[in-house]
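> Predicted structure and sequence below. I'll ask about it afterward.
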Amino acid sequence: MIPKFVALPLLILVPLLTWFWGVRKYDFMTPRTIPVRELRPDFASPVNREIVEAVTPYSLHPQEGKTPEIPEIPLGDLNASPQLDEYREQASLGAPSLLQLADRLQYEGRIQRAVLAYERVIDSTPSGGSAQEEATEALANLKESLPPWNGDLSASEPLQINLATARPPESLQHGITTLSSLVSVASGNLASARFEITQLPPPPASLPSLPVAMWLTVPGEEAAKPSLSVITIIPAEDEDLASELTHGLYRLIGRRLETIAQLTLPPPLLKGDEPENAIVNKLTRLAWQQILETPFQSLEAGPPTEKPSEDSPLPDEASEGEGAAEAEIETTPETLVENP
């Protein structure tokens, strides 16, 4: 057994001598410029130990792209009276910006301006997206709380609805009342419906349902010279006449807007759509104003198309929308009387 007086000095001297012998020739003050593998070949590795850039592993859940910011439209001068074409210049920023603007205006309590912002979504942005449906639903809720845009009924412009049919006049009364109310409500009293009924002789042969031809006339136009197509309504049942006339009015308004070519066209009605709701919420007040201020006979409409043959399908028969019994042809009042 080693005595303690020998073991303790050995425990201290052995590490000190080992450390001294290993580092006695090292220069710790001069920076090293020689690679370790050259300085100490015995430490060199057969593998290249160069540090490579870490490779990011493939992720099973790719990062989602950043949501683009929605451009903000200024509220404008809230103390000034808005115009019917308010925010139309900013409509190029897109429907999301207009919807965001409408929300901010509602928060500020500016309901009239909010309605105008929603109307710009409908008539000044591309159709077919969910934004238009959102705007239509908002208008249905907000319009009821607003007064008419035109508070003076005597200043409303006449919109003449011309009807030609062999039906007795009393059978048209319900449809006339419906159209008159819809025109006033949808246009904000900018337009008031007037009716001109041409009574045609009864057909030589009995028909399942007597047709009704209709076309529009605005100030500056001659009712006897319609510039565009006349829509013929052939209701399956007499009870459907008012609804079919409403759908016909919606189509006539859309045809006029198509010729004016300044606003987004109203979408065609699909099966199950209510024409009354479409006229009130899918036709903006700016659209009614442009129709009243733009006579068709000043637009130089293109050459009339030929009347389709009896074997060819009507335009609406290829779609699932309502009004499949409506025919749209280029005609004149004389042709209308001869071929109701």
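Alright, I've got the coordinates. Computed from a predicted model, the values in this text were never measured in an experiment. Residues are numbered from 1 along each chain as shown.
> Point out where the protein drops to low pLDDT.
By pLDDT under 70, the low-scoring segments of the chain are 24-25, 27-67, 223-229, 296-340.
> could you measure the residue nearest the centre of it against Asp103, distance?
Closest residue to the average C-alpha location of the chain: Gln132 at 3.4 Å, with CA atoms, centre = their mean. Distance from Gln132 to Asp103, counting by CB to CB, to the nearest Å: 16 Å. (Glycine included, C-beta is placed from N, CA and C.)
> try Trp21
Taking CB to CB, one finds Trp21 at 82 Å from Asp103.
> Looking at these two, which is more packed in?
Remark: of Trp21 and Asp103, Asp103 carries more neighbours, 13 against 9, as counted by other CB atoms under 10 Å.
> Which element, helix or strand, includes that one?
helix 95-107 (DSSP states H and E).
> Okay, buried residues for that helix please.
Ala95, Ser97, Leu98, Leu99, Gln100, Leu101, Ala102, Arg104, Leu105, Gln106 (16 or more other CB atoms under 10 Å).
> ok, now which ones touch the residue nearest to the centre of the chain?
Residues counted as contacts of Gln132 (CB atoms under 8 Å, 6 or more residues apart in numbering) are Ala95, Val121, Ile122, Thr125, Pro267.
> Verify the contact between the last one and Pro126 for me.
No: under the criterion of CB atoms under 8 Å, Pro267 lies out of contact with Pro126, with a separation of 11.2 Å.
> In terms of neighbours, single out the busier of these two.
Pro267 (17 against 10).
> any idea what sits nearest the more buried one, other than its immediate chain neighbours?
In this structure, Pro267 finds its nearest non-sequential neighbour in Ser127, 5.6 Å apart by CB to CB, 6 or more residues apart in numbering.
> Just confirm Arg215 is within a strand.
Wrong residue type there; residue 215 is Trp, not Arg. Yes: assignment of Trp215 by DSSP: H, G, I helix; E, B strand; the rest coil places it within a strand.
> Work out for me the element the residue nearest to Pro267 sits within.
Applying DSSP H and E, one finds Ser127 in no helix or strand.
> Also the one 4 residues further on?
In this structure, Ala131 sits in helix 130-142 according to DSSP H and E.
> Repeat that for Arg255.
helix 241-260.
> what helices or strands is that helix leaning on?
Contacts defined by 3 or more CB pairs under 8 Å, 6 or more residues apart in numbering; DSSP states H and E place helix 241-260 against helix 173-187, strand 212-217, strand 230-233, helix 275-281, helix 285-293.
> will you turn these into TSV that also has distance to Pro9?
Below are the helices and strands packed on helix 241-260 laid out as TSV (distance: least, CB to CB, whole Å):
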stretch	distance to Pro9
helix 173-187	111
strand 212-217	121
strand 230-233	120
helix 275-281	104
helix 285-293	106
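> and the ones you listed as CSV, adding mean neighbour count and distance to Pro202?
Output for these, formatted as CSV (neighbours: other CB atoms under 10 Å; distance: least, CB to CB, whole Å):
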stretch, mean neighbour count, distance to Pro202
helix 173-187, 19, 19
strand 212-217, 24, 14
strand 230-233, 23, 17
helix 275-281, 20, 28
helix 285-293, 21, 34
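> And the ones you listed: which comes nearest Leu78?
The closest of the helices and strands packed on helix 241-260 to Leu78 is helix 285-293. By CB to CB, the value is 19.7 Å.
> For the closest one, list the C-alpha coordinates in PDB.
Provided in PDB are the C-alpha atoms of helix 285-293 (Å, rounded to 0.1, in the frame of the first residue of the first chain):
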ATOM      1  CA  ARG A 285     -80.400  53.800 -59.000                       C
ATOM      2  CA  LEU A 286     -77.500  54.900 -61.200                       C
ATOM      3  CA  ALA A 287     -78.600  52.400 -63.800                       C
ATOM      4  CA  TRP A 288     -82.100  53.800 -63.800                       C
ATOM      5  CA  GLN A 289     -80.800  57.300 -64.200                       C
ATOM      6  CA  GLN A 290     -78.700  56.400 -67.200                       C
ATOM      7  CA  ILE A 291     -81.600  54.600 -68.800                       C
ATOM      8  CA  LEU A 292     -83.800  57.700 -68.400                       C
ATOM      9  CA  GLU A 293     -81.100  60.000 -69.800                       C
END
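> now the angle from it to helix 173-187?
Per axes from the mean of the first three to the mean of the last three CA atoms, to 10 degrees, the angle that helix 285-293 makes with helix 173-187 is 110 degrees.
> tell me how far helix 285-293 is from the chain's mean position?
19 Å (CA atoms, centre = their mean, to the nearest Å).
> now for it, which elements pack on it?
helix 111-124, strand 157-165, helix 173-187, strand 191-199, helix 241-260.
> Any chance of CSV for these, columns distance to Ile231?
Listed next are the helices and strands packed on helix 285-293 as CSV, based on distance: least, CB to CB, whole Å:
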stretch, distance to Ile231
helix 111-124, 22
strand 157-165, 11
helix 173-187, 13
strand 191-199, 15
helix 241-260, 5
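> quick one, which of those is packed in tightest?
helix 111-124 (a mean of 24; mean count of other CB atoms under 10 Å).
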